[in-house]
Structure formats: structure tokens, C-alpha cells
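Asks: Model the structure of this input:
(one chain, ligands or ions: 1)
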Amino acid sequence: MTDRYCVFGNPVAHSRSPAIHASFARQCAQDIAYEAILAPLDGFSQAVKRFIGAGGKGANVTVPFKEEAFRLCTRLSPRAMRAGAVNTLAFAGDEIYGDNTDGAGLVRDIEVNLGFTLAGKRVLLLGAGGAARGAIAPLLASRPASLFIANRTADKAEALACAFADLAMVDAGNYDKTAGSRFDLVVNATSASLSGTALPLPAGIFAAGSLAYDMMYGKGETPFLAQARAQGAAQLADGLGMLVEQAAEAFFVWRGVRPDSAPVLAALRVQLAA
Ligand code: ATR
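Replies: Numbers count the residues shown, from 1 in each chain. Below you'll find the model as predicted:
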């Protein structure tokens, strides 16, 4: 019997997850089917229950349902609890298990694929929404020298820093507060590029040899990466690697085998450039 998985989102037609998981399944000789399901904005939990009823074994969750998925779960992984959001569901009997592989995917892309060691580095995280929240604990687990969360609305950054104060001293504030500091890694977790706005990053924040990382990706350079290049970042990376790595981690949660993400990322990179 082929095990069924899916990604729930709205919109979801653009999702690359079905192609990524089909590649993983071929590579690992796993008999699974993976589809994209458009859930109505007011009908996420019904869509999940319908999928479970039809024999679904697990699912990914994307925008805008990650927080709702968190509330729907009967059991959560520690990293999902920390993130306050779920991107990976696994179904067994009455149990809906929720995990969050986004932060692990980000860190794996940075450390393994890009070869950038986080230990001892000064990290600046831009944004204080769900995407930023999910990245904090996994980033801190790699022992950076410092973490600063900058956000347009300073209160939200400060609240996030407080929420993770048991893990490390985290600094927070608006973009102006980063002036005069230098960072080895700057991660864009804002949705500013969706509206085409540039972030108010003070000059001189990119240290020598710094990496600018955008959780977003698209055809060509993202607006944040163009800005980072102009402001002197040495290395640029978009979020395509994170997308593939969070999927690999979800595949591992479901199937207990870890696919080789490198060929899948390379193929996706070629497709995106076409
Ligand atoms: P997500 O789940 O993708 O993180 P979100 O929770 O809506 O989405 O958070 C979006 C983030 O992008 C927020 O940090 C938001 O800043 P505010 O908290 O000040 O709203 C940030 N953001 C969105 N548009 C922005 C813009 N034009 N300039 C700066 N920050 C922006």
C-alpha cells in the first residue's frame, strides 16, 4: 500500500514540495504519494481530518496554516513548541503529532550546504513574525557569539528576545539600533520583499566575510540580497536550500531515512533559473 502525504496551503499550486518529496522517495526507494491540497482559509482542520480519514499518514503545512496546525496537534515536538508553529504533521491512530523542521532546515543549509560555521559568529535576525520565531532556537543551538533580533516594530522583537531568554542573552530593537554594530550573518525573515520594500538597514552592518541569507527565494536575486550585496555582504544565499532541507528533515520524521538533499537542490536550482 502506497502511503499518502500532502502539503496543505492557501495558495498551494506554486508549491515545490510535491516534486521535492517525489525525488526523495525515488532516491530512498520509499513507496509514497505526495500531493498539494488547497485548504479553504476557514477549513484547515476539516481538510486535515478528511485527509486522515482517507488514510493520510502525514502532511506538511505552509502559509497561512502553521499556527493553526500547532493548535490542532495532540502532541508536539520540543522544537515545534518553541516555534509556536508546525510545518510537519504525522498521523497515527487518534494522534496528530506536530513538528517544525524549518529552523533545522535553515541551520543545515547554512552550516552544511554553505559551509558557514555559526559557532562564535555575530548573528542579526531581521523580522519578528512566525518565520523569525522558528529560526531562533535552532540558531542559538549552534552557539553564535551573539544574536540580535531587529524588527520594524521593536516591541515584537523585544517580546521574542524575552521568550528565548532562558536559552541565551538575545538583543532586540528596531533597525536603527543595529547602527554601529557589525554582523557575520544577517538572516532576512521578514516578508518585506513581497511588497518590494527595502529594509532600513544602517550602513556598515556587514562584517568582512559576512553571509547574507534570505529565507525567501525566487527567479534572480531577491531584493534583500541585492541590498546586502550593495552594502558589502561577502556571500549571498537565498532560501531554496532551506526549503529542500526542511523537506528532507520532514521526510526523515515520517520515513526514518534521510535523503541526500544535494542533487535535489541542484535540480531545483536549474529549474528556477530556466
Ligand atoms: P511570517 O510568518 O512570514 O514571519 P509575519 O508573521 O506576518 O509573517 O511577519 C512578517 C515580518 O515581516 C514581520 O517581522 C514584519 O514586521 P512588523 O512586525 O513590523 O510588521 C516584517 N515586515 C513585513 N513587511 C515589512 C516591511 N515593508 N518593512 C520591514 N519589515 C516588514
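Asks: Report all helices and strands that the longest helix belonging to the chain contacts.
Replies: Criterion DSSP state H: the longest helix present in the chain is helix 240-255. Other helices and strands packing on helix 240-255, by 3 or more C-beta pairs under 8 Å, 6 or more residues apart in numbering; DSSP states H and E, are helix 17-28, strand 56-61, strand 88-92, helix 102-108, helix 261-273. To be clear about C-beta, it is placed using only N, CA and C from the backbone, and glycine gets the same treatment.
Asks: Walk me through which strands whichever helix or strand comes after the third one pairs with, and which way each runs.
Replies: This means strand 88-92. Using DSSP states H and E, the next helix or strand after strand 88-92 towards the C-terminus is strand 95-99. The strands that strand 95-99 pairs with in its sheet are strand 75-76 (parallel), strand 88-92 (antiparallel) (by DSSP bridges).
Asks: residues in contact with the shortest one?
Replies: The contact list for strand 75-76, computed with C-beta atoms under 8 Å, 6 or more residues apart in numbering, reads Phe70, Val86, Glu95, Ile96, Tyr97, Gly98, Asp99.
Asks: what mean pLDDT does it have?
Replies: Throughout strand 75-76, pLDDT has a mean value of 98.
Asks: Quick one: name whatever helix or strand follows it.
Replies: Downstream of strand 75-76, the next assigned helix or strand under DSSP H and E is helix 78-83.
Asks: Quick one: list the elements packing against that following helix.
Replies: strand 95-99, helix 102-108, helix 130-141.
Asks: and the next helix or strand after the longest one, how far from the chain's centre?
Replies: Which is helix 130-141. Tracing the chain C-terminally past helix 130-141 and defining elements by DSSP H and E, one meets strand 146-150 next. Chain-centre distance of strand 146-150: 17 Å, with C-alpha atoms, centre = their mean, to the nearest Å.
Asks: Could you do stretch 165-176 as well?
Replies: Chain-centre distance of stretch 165-176: 20 Å, with C-alpha atoms, centre = their mean.
Asks: which of the residues in that stretch are buried?
Replies: Ala168, Val170, Asp171, Ala172, Gly173, Tyr175 (16 or more other C-beta atoms under 10 Å).
Asks: what sits against the closest residue to the fifth one other than its chain neighbours?
Replies: For Gly173, ignoring the flanking residues on the chain, the nearest one in space by C-beta to C-beta, 6 or more residues apart in numbering is Ala154 at 5.1 Å. For Ala154, the contacting residues are Ala172, Gly173, Asn174, Lys177, by C-beta under 8 Å, 6+ apart.
Asks: Among those, give me the pair with the biggest separation.
Replies: Between any two of the contacts of Ala154, the greatest separation by C-beta to C-beta is 9.0 Å, found for Ala172 and Asn174.
Asks: Check what pLDDT the residue of the stretch 51-200 of the chain found nearest the ligand gets.
Replies: The stretch 51-200 of the chain approaches the ligand most closely through Gly129 (2.0 Å), counting by C-beta to the nearest ligand atom. pLDDT for Gly129: 95.
Asks: My guess is it contacts Ala189. True?
Replies: Yes: between Gly129 and Ala189 a contact is recorded at 7.1 Å, counting by C-beta atoms under 8 Å.
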